[in-house]
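**Q** Need coordinates for the following:
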Amino acid sequence: MLHQTVWFKGNISFNESLASFVGEHGTLAYLQQQYGVDAPEYQHSRALRADALVFGEYMDAAHRAPRSALPRAISRADKLQRKAQIFGRGSRQHIRRCSHACQTTGYRNFLSGSL
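**A** Predicted structure coming up:
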């Protein structure tokens, strides 16, 4: 609905970010007004948002790791093998941190591979 009201031509990234922001904060405002800040619905929604931020940090770290650790002059097969090693090592370290930081089970299940 926000896109019908506000749309900046040629700036899709901003438009999508704005819609996500309004949706997330609008949901919290609605739940707070309907149920109160101590209600399970409101607390769960806040926990989901916090987990999404933790998961975003995980994805950012996973995306950056291979670029900084791979030499340019190696074969494609060697590059793929080294990427797998980097992702595996980095993922295990970051998954442990994320699992402790996540408040809900959704991202924990994804990170542990049990989906």
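**Q** can you map out the helices along this structure?
**A** 2-5, 12-35, 40-69, 76-101, 105-112 (DSSP state H).
**Q** contacting residues for L31?
**A** Taking Cβ atoms under 8 Å, 6 or more residues apart in numbering, we find L31 in contact with 39, 41-42, 45. (C-beta placed from N, C-alpha, C; glycine too.)
**Q** Most tightly packed of the helices of the chain?
**A** Among these, ranked by average contacts under mean count of other Cβ atoms under 10 Å, first place goes to helix 105-112 (a mean of 16).
**Q** tell me the mean pLDDT for that helix?
**A** On average, the pLDDT along helix 105-112 is 70.
**Q** Stretch 73-87 now?
**A** Throughout stretch 73-87, pLDDT has a mean value of 76.
**Q** residue ranges with poor pLDDT in this protein?
**A** Along the chain, the model assigns pLDDT under 70 to residues 62-63, 65-72, 86-95, 108-115.
**Q** one more time with 80, if that's ok
**A** Residue ranges of the chain with pLDDT under 80: 58-74, 79-80, 82-100, 106-115.
**Q** domain assignment for it?
**A** Using automatic domain parsing, the domains assigned to the chain come out as 1-35, 47-115.
**Q** how near is the spatially most central residue of the chain to S99?
**A** What sits nearest the mean C-alpha location of the chain, by Cα atoms, centre = their mean, is G56, with 2.8 Å. As for G56, its distance to S99 is 15 Å (criterion: Cβ to Cβ, to the nearest Å).
**Q** now, which of the contacts of L31 sits nearest T5?
**A** S45 (23.1 Å; Cβ to Cβ).
**Q** didn't the closest one look like it was pressed against T27?
**A** Yes - applying Cβ atoms under 8 Å, one finds S45 in contact with T27, separated by 6.0 Å.
**Q** How about E24, nearest residue that isn't a chain neighbour?
**A** Distances taken as Cβ to Cβ, 6 or more residues apart in numbering place R49 nearest to E24, at 6.0 Å, with adjacent residues excluded.
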